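Undergrad: The following block contains a protein sequence and its predicted model.
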Amino acid sequence: MNSALDVATSTLASTVSLWRGLNGHPTKKLPEIPLELYDMEGCPYCRLVREVLTELDLDAMIYPCPKGGQRFRPKVVQAGGRAQFPYLVDRNTHTSMYESTDIIDYLYKTYADMPVPAKWRRAIALPTSFVTSGVRMQAGIKLRPNKPAAKPMELFSFESSPYSRRVRELMTELEIPYLLRNTGKAMLQDMGPPQVRKTLFPNLPVKGRNRLALLERTGRVQVPYLVDTNTGNEMYESDAIRAYLLANYAA
């Protein structure tokens with residue numbers, strides 16, 4: 001798909017899903033060991049969990065499980081008995097579970113110490129998530145022939161970012177595991193593209209755990225940002241990241 005059209009449909013997808021997974025608010029506690037999520041980027045149920053991860057400012061090791069994939073799908077079957085996604089593993093509490101509704105309830109109770117907000121009610125959130133998958137024409141669902149990445153990568157992202165979505169979809173299709181560093185917007189002035197924020201608020205201090213980490217690492221805050229621990233390469237820009245992944249990890 002043409003890059004501009006792809007970005008446009010990804011932006012429409014974020015709008016359809018009501019821009020859930022945009023803001024990141026610190027939870028009462030963070031897991032000492034990263035959460036593990038066996039996931040398909042284009043799956044409507046998985047999307048709801050990832051939206052909550054962004055809004056609770058929780059990082060997670062993502063193990064992509066596209067249809068036809070053989071790297072991580074068998075592990076879910078072995079652990080839980082069936083190939084169903086999302087599947088959450090929390091080694092901090094020795095907990096594992098299927099079902100997006102149960103996972104969302106668990107994350108709020110365990111790490112935010114609060115009930116699930118009304119916007120996550122299934123009747124509200126699930127239909128929009130299904131439409132979002134339709135808008136993206138099942139991107140991030142099916143396996144592409146690939147050359148496995150030996151080590152997980154690291155991706156600074158937030159769920160509703162139209163540009164980050166394009167990268168996460170491809171990483172799912174190529175079965176590339178990665179540590180998802182949720183970089184949700186921490187305040188109202190963070191809204192809009194980086195160039196606009198820099199123009200309107202040139203002296204605005206950066207807030208947010210991973211936003212500060214990204215600023216310290218690169219000198220600016222923009223997503224997606226990929227760190228390939230296999231090669232030492234790091235980069236911004238979804239087009240550049242996708243081209244790099246295809247050149248190095250597509251068979």
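TA: On my side now, so go ahead.

Undergrad: What strand or helix carries the residue nearest the centre of the chain?
TA: Among the residues of the chain, the one closest to the centroid is residue 159, at 4.9 Å (C-alpha atoms, centre = their mean). Remark: residue 159 resides in no helix or strand, with elements defined by DSSP states H and E.

Undergrad: which residues does it contact?
TA: For residue 159, the contact set (C-beta atoms under 8 Å, 6 or more residues apart in numbering) comprises 20, 21, 22, 47, 50, 51, 53, 54, 165, 182, 184. Quick note: C-beta positions are derived from backbone N, CA and C, even for glycine.

Undergrad: repeat that with 10 Å
TA: Shown in contact with residue 159 (C-beta atoms under 10 Å, 6 or more residues apart in numbering): 14, 17, 19-22, 24, 47-55, 165, 168, 180, 182, 184.

Undergrad: For residue 178, see how far away the nearest residue to residue 39 once chain neighbours are set aside is.
TA: In this structure, residue 39 finds its nearest non-sequential neighbour in residue 46, 4.7 Å apart by C-beta to C-beta, 6 or more residues apart in numbering. Per C-beta to C-beta, to the nearest Å, residue 46 is found 14 Å from residue 178.

Undergrad: One more: residue 5?
TA: Residue 5 is 26 Å from residue 178, where distance means C-beta to C-beta.

Undergrad: In terms of neighbours, single out the busier of the two.
TA: When neighbours are counted by other C-beta atoms under 10 Å, residue 5 and residue 178 differ, and residue 178 comes out ahead with 25 against 9.

Undergrad: Before we move on, what's the pLDDT of that one?
TA: Confidence at residue 178, expressed as pLDDT, is 98.

Undergrad: can you give me phi and psi for it?
TA: Comment: the main-chain dihedrals of residue 178 come out as phi -160, psi 150, following degrees, to the nearest 10.

Undergrad: need the contact list for it.
TA: With contact set as C-beta under 10 Å, 6+ apart, residue 178 has these partners: 60-64, 149, 151-155, 157, 167-168, 171-172, 226-229.
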